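Q: Predicted structure and sequence below. I'll ask about it afterward.
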Amino acid sequence: MTYEEFVDSRLTALLRYAVMLTGDPHLAQDLVQETMVRVQLKWRRVARADAPDRYVRRMLTNQYIDWQRGSWVKRVLLRAEPEKQVATVVDHAEVGAERDQIWQWLDRLPRRQRAALVLRYYEDLPDGDIAEVLGCAVGTVRSSISRALATLRAELVEVC
């Protein structure tokens, strides 16, 4: 498989995964772009891997976990000014508020815990595969997921 074929077949899935990790489509695009540059530079090694897809997902996950320490993300993140709200259907507002609250809770989790949750519940990977992607033991994966869920439960209890 060539680099171009790999990109054609996996880019959309990698971008969806990155959006789930970052919670921001623009940051996700930056993360995927930076990862794919690194993949291209190391393509021979990646192509020889038993599972190139897992290898690249691990590269992307490591890039995400380390992103604040890396120079590529040291930038000012601008948030758009909230638009003045116009009277809308209450259901849409509630759904949006709940979604925003969930993203805020996820954003407060340590990156490894958030990555473990996304790999488990969004990518639907078993613990062994998650451990391989995160580069840790299966027990660490289970502990990370357990702690993340406990944190989210505590956040939910505070709201209710």
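A: Here it is on my side, so go on.

Q: Which strand or helix spans Gln29?
A: helix 25-41 (DSSP states H and E).

Q: Which elements pack onto the helix or strand just after that helix?
A: Downstream of helix 25-41, the first helix or strand assigned by DSSP H and E is helix 43-48. Packing partners of helix 43-48 (3 or more Cβ pairs under 8 Å, 6 or more residues apart in numbering; DSSP states H and E): helix 3-22, helix 52-65. Heads up, the C-betas are built off the backbone N, CA and C, glycines and all.

Q: any idea of the mean pLDDT in helix 43-48?
A: The average pLDDT within helix 43-48 is 94.

Q: Need the contact partners of that helix.
A: Met1, Tyr3, Phe6, Val39, Pro52, Tyr55, Val56 (Cβ atoms under 8 Å, 6 or more residues apart in numbering).

Q: go again using 7 Å as the cut-off
A: By Cβ atoms under 7 Å, 6 or more residues apart in numbering, the residues outside helix 43-48 that reach it are Met1, Tyr3, Val39, Pro52, Tyr55, Val56.

Q: And the most centrally placed residue in the chain, how far from Pro52?
A: The centroid of the chain falls nearest to Leu21 when counting by Cα atoms, centre = their mean (1.5 Å). Using Cβ to Cβ, to the nearest Å, one gets 20 Å for the distance from Leu21 to Pro52.
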